[in-house]
Every structure is written in structure tokens, then in C-alpha cells.
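In: no sequence on hand, only this structure:
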């Protein structure tokens with residue numbers, strides 16, 4: 001009985017032995033993985049609809065016509081793409097890949113909360129109230145970045161298909177297309193989480209708002225280079241379309257951190273008189 005009471009007692013400042021940290025990390029990783037697996041299994045029953053959802057914007061943008069009327073209207077210098085699939089195991093592999101991607105995206109509220117809950121004990125009692133705010137902001141940011149990538153895909157497809165020689169159809173393997181879509185969705189979603197990470201570092205006292213502001217030029221350049229690397233097309237408008245919202249989110253994180261640092265300084269200042 002005494003042992004049970006001793007093991008459940010927590011330090012008010014959130015300190016715990018290394019073994020307790022590792023045990024908590026294992027438990028939270030298990031919860032995050034189980035949530036992803038559960039959503040993955042659920043998404044597997046509708047993977048065909050998910051594939052159609054991902055490929056429809058590209059087909060509407062650069063897909064080859066399928067009816068005789070559309071073929072008759074097609075000029076000789078028009079380029080288009082036909083989505084194909086090769087191999088006996090390819091459909092099954094695609095089903096697993098699409099389902100797992102859906103699991104990671106749709107289960108983001110769970111694993112984002114588990115991430116914050118692991119870090120939160122290191123904060124002061126007053127700062128732990130931001131746990132739900134972290135998830136509340138992190139999920140829309142991740143899904144917003146994913147949706148942004150989805151909206152950028154048609155323009156990206158038009159730019160890339162424009163390199164095809166005139167009069168030649170482009171055979172686009174479905175697995176390659178989904179790899180591209182998955183990479184863009186995940187990368188865009190995670191890139192929108194960058195300001196939230198900066199805020200978390202500020203709350204834990206690792207990074208001050210003044211220090212973040214002092215490095216704004218390097219951050220702007222770094223975000224621009226990152227956007228140029230992750231966008232598959234050579235279109236500068238697509239690159240700037242990704243960079244601009246991350247710039248805005250970065251400066252929003254800087255303002256939030258500066259205001260938070262000012263409040264902390266005001267609470268820590270000695271009261272005179």
C-alpha cells in the first residue's frame with residue numbers, strides 16, 4: 001500500500017526519475033500508434049474513395065479526355081496524362097499506403113496531444129493550461145497545411161505536365177502520383193506546425209521571443225529555401241504560395257512569444273512600495 005502511494009505521487013514541478021520518463025514515453029507512443037492503426041484500419045474500407053479524392057484534382061487539371069466528343073476536340077499540341085497502375089501487388093500496396101496516410105492525418109489530434117502531454121510536466125503548473133490550446137491550434141494547422149497542398153496540386157500538375165513534348169500522352173503511374181501527393185500533404189502539414197514548435201520552445205524557456213525576432217532574416221531565407229525544395233514544380237508562384245503563410249505564422253509566433261515574455265517579466269518583477 002505504501003509502495004503504491006509512493007509510486008503515484010508526483011513532484012509538483014513535474015520532475016521524475018529517468019525510468020519514469022521512459023515509461024511515460026513508451027505509454028504515450030503506444031497510445032499514438034494505436035490511434036493511427038485504428039484510423040488506418042477504418043480508412044482501409046474506403047481506400048478507393050480516398051484515392052479518387054486525391055487524384056480527382058489532377059485528372060480535372062491535366063487528365064486525358066475519355067469520351068469520343070472530348071477526343072475530337074483535342075488538338076495535336078495538347079498534352080495530357082493518363083493514370084495507370086502496374087503489377088499484381090500494386091493495388092494492395094496502394095491500399096496500405098493510402099490507408100496509413102489517412103491514419104496519420106486523421107489521428108493527428110491524438111498523437112499531437114500525446115506529444116504535448118509528454119512535454120507538459122516539464123512546465124510550471126500555470127503553463128500546463130496550454131495543453132488543450134496546443135492541440136486546438138496544432139490540428140487545424142496540420143490539416144490546413146495538408147488542405148493547402150491539396151489545393152496547390154492542380155497548378156503543380158499543369159506546370160509539370162507542360163514539359164511533356166507536344167502530341168505525346170503522359171502515362172502517370174498511380175503509385176508515383178500518390179507518393180507525390182502524400183509527400184506534399186505531410187510536408188506542408190508539418191511545415192505549418194513550425195510556429196507552434198517555436199511557441200512550445202518559448203513556453204519551456206528554451207527560446208525567447210527577442211531571440212526569435214533577432215533571427216527573422218535567416219528564418220525568412222530558410223523558409224524560402226525550404227519551400228523551393230519541397231515544391232515539386234519550378235513555378236515560383238507555387239513556392240511563394242507555400243512560403244507566404246509560413247512567414248505569416250512565424251511572425252505570429254514571434255509576437256505571441258514577445259507578449260508572453262513580457263508577461264513573465266512582469267510577474268517576476270519585485271513589487272516595490
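Out: Alright, I've got the coordinates. Computed from a prediction, not measured in an experiment: that's the story for all the values here.
In: for the stretch 151-273 of the chain, what are the low-confidence residue spans?
Out: The stretch 151-273 of the chain contains residues with pLDDT under 70 at 167, 232-235, 237-238, 267-273.
In: any idea how many residues pack against residue 188?
Out: Number of residues near residue 188 (other CB atoms under 10 Å) recorded here: 25. Using the backbone N, CA and C atoms, a C-beta is placed for each residue, glycine as well.
In: now name the helix or strand holding it.
Out: helix 174-191 (DSSP states H and E).
In: quick one: list the elements packing against that helix.
Out: Contacts defined by 3 or more CB pairs under 8 Å, 6 or more residues apart in numbering; DSSP states H and E place helix 174-191 against helix 47-62, strand 81-84, helix 90-106, helix 130-161, helix 216-230, helix 236-268.
In: out of those, which comes closest to residue 20?
Out: Each of the helices and strands packed on helix 174-191 was scored for nearness to residue 20 using CB to CB, and the closest is helix 130-161 (18.9 Å).
In: per-residue pLDDT, residue 37?
Out: pLDDT for residue 37: 93.
In: so what does the host helix or strand of it touch, helix or strand wise?
Out: When elements are assigned from DSSP H and E, residue 37 belongs to helix 18-44. Counting by 3+ CB pairs under 8 Å, 6+ apart, the packing neighbours recorded for helix 18-44 are helix 90-106, helix 108-119.
In: so who does the spatially most central residue of the chain touch?
Out: Among the residues of the chain, the one closest to the centroid is residue 189, at 2.1 Å (CA atoms, centre = their mean). With contacts defined as CB atoms under 8 Å, 6 or more residues apart in numbering, the neighbours of residue 189 are 105, 108, 141-146, 149.
In: coming back round to it: from the helices and strands packed on helix 18-44, which stretch is densest packed?
Out: Ranked by mean neighbour count under mean count of other CB atoms under 10 Å, these are led by helix 108-119, which reaches a mean of 19.
In: next one: that one to chain centre, how far?
Out: 14 Å (CA atoms, centre = their mean, to the nearest Å).
In: so which elements touch it?
Out: Packed against helix 108-119 by the contact rule (3+ CB pairs under 8 Å, 6+ apart) you find helix 18-44, helix 130-161.
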